[in-house]
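Student: Sequence and predicted structure are below.
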Amino acid sequence: MTEHLPDTPPRPRLAGARVAWLLWSGLSILLVLAILDPVNHGYSRVFLATAIPVLWLGAALLLRRRRRAAVGVLVSGLLPGLWLCLPGRDPDRSLLRELYVHHLRGYEGTRYAWGGEGRFGMDCSGLVRRALVDAQADLGLRTFNPRPVRSALRLWWNDCRARDLRDGWAGATLQLFRAEALDGLNDQRLEPGDLAVTVNGAHVLAHLGDNAWIEADPDLQRVVVLRHADQSNWLTAPVVVVRWTILR
């Protein structure tokens with residue numbers, strides 16, 4: 001008697017789902033690595049801006065057999081997007097300035113990385129830009145105001161150098177005055193959050209108030225706070241003092 005083995009039906013759908021989940025997981029890992037990388041180039045920004053919505057829609061598709069979970073994923077992404085499209089209102093500039101100084105101080109001790117703009121490494125222009133991105137996002141979320149969050153996203157997307165900030169890059173900064181040195185500078189026009197860019201455009205520092213300046217120092221290889229009593233070439237170099245137009 002011939003023994004008939006039960007037929008094993010093919011399971012292409014299950015195999016396809018596993019491949020889809022593997023691809024989704026791989027893209028998630030790449031996204032995390034891109035976020036952790038202190039240096040964001042143009043292509044990495046494009047990747048971040050593309051990967052996030054792809055992962056969001058991909059998660060909804062992968063969970064489509066679980067309708068409630070899929071709907072929850074879709075709604076969790078749609079609501080913030082719709083909120084960002086609301087007109088919003090002008091931010092409280094005094095609070096924004098306070099938050100800016102707070103976030104600047106929060107990066108003290110961060111290691112120096114040329115081209116970096118994150119917690120794992122930053123350079124001088126990356127420091128002053130990233131702290132303002134953080135401050136605007138912080139303010140927008142605190143006050144439920146999408147306008148400063150959109151401004152934070154624009155600032156994150158568009159990179160710049162110290163000399164660009166000196167020259168009024170994209171209308172984001174405004175020149176206030178020139179000074180022969182920061183050491184001993186006592187100008188009534190100076191406010192916390194103002195930037196001092198060396199005349200040659202090589203370096204930028206941010207004013208914290210009380211004669212203190214913060215900068216990502218390429219020689220010390222970390223973010224440091226300088227005061228007038230400190231010995232630093234950056235305190236004796238001629239500078240152009242500028243202000244973020246959003247803090248005017």
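Tutor: Arrived safely, thanks for sending.
Student: hang on, Leu132 in a helix?
Tutor: Yes. Checked against DSSP: H, G, I helix; E, B strand; the rest coil, Leu132 lies within a helix.
Student: Find me the pLDDT at it, would you?
Tutor: pLDDT, Leu132: 98.
Student: try Arg64
Tutor: In this model, Arg64 carries a pLDDT of 87.
Student: Show me the domain layout of the protein.
Tutor: Taking automatic domain parsing as the reference, the chain has its domains at 12-84, 93-247.
Student: Next, the buried residues of stretch 23-34.
Tutor: Of all the residues in stretch 23-34, those buried under the rule 16 or more other Cβ atoms under 10 Å are 27, 31. Where you see a C-beta, it was placed from the backbone N, CA and C, and this is true even at glycine.
Student: Going by residue numbers, what spans are helices in this protein?
Tutor: 12-36, 42-62, 67-84, 93-106, 124-142, 146-157, 162-166, 233-236 (DSSP state H).
Student: Please point out which parts of the last one sit buried.
Tutor: Spelled out, that is helix 233-236. Within helix 233-236, the residues that qualify as buried by neighbour count (16+ other Cβ under 10 Å) are 234-235.
Student: so what does it touch, helix or strand wise?
Tutor: strand 212-217 (3 or more Cβ pairs under 8 Å, 6 or more residues apart in numbering; DSSP states H and E).
Student: can you give me the angle the lowest-mean-pLDDT helix or strand in the chain makes with helix 42-62?
Tutor: Every helix and strand of the chain was ranked by mean pLDDT, DSSP states H and E. The lowest is helix 12-36, at a mean of 86. Orientation check (axes from the mean of the first three to the mean of the last three Cα atoms, to 10 degrees): helix 12-36 against helix 42-62 gives 150 degrees.
Student: So which other helices or strands are in contact with helix 12-36?
Tutor: helix 42-62.
Student: hmm, back to that, need the helices of the chain in TSV (columns: distance to Leu190).
Tutor: Output for the helices of the chain, formatted as TSV (distance: least, Cβ to Cβ, whole Å):
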stretch	distance to Leu190
helix 12-36	35
helix 42-62	33
helix 67-84	34
helix 93-106	13
helix 124-142	15
helix 146-157	22
helix 162-166	16
helix 233-236	14
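Student: rank the ones you listed by pLDDT, which is bottom?
Tutor: Averaged per stretch, pLDDT over the helices of the chain is lowest on helix 12-36, reaching a mean of 86.
Student: if I pick Arg147, what's in contact with it?
Tutor: 87-91, 140 (Cβ atoms under 8 Å, 6 or more residues apart in numbering).
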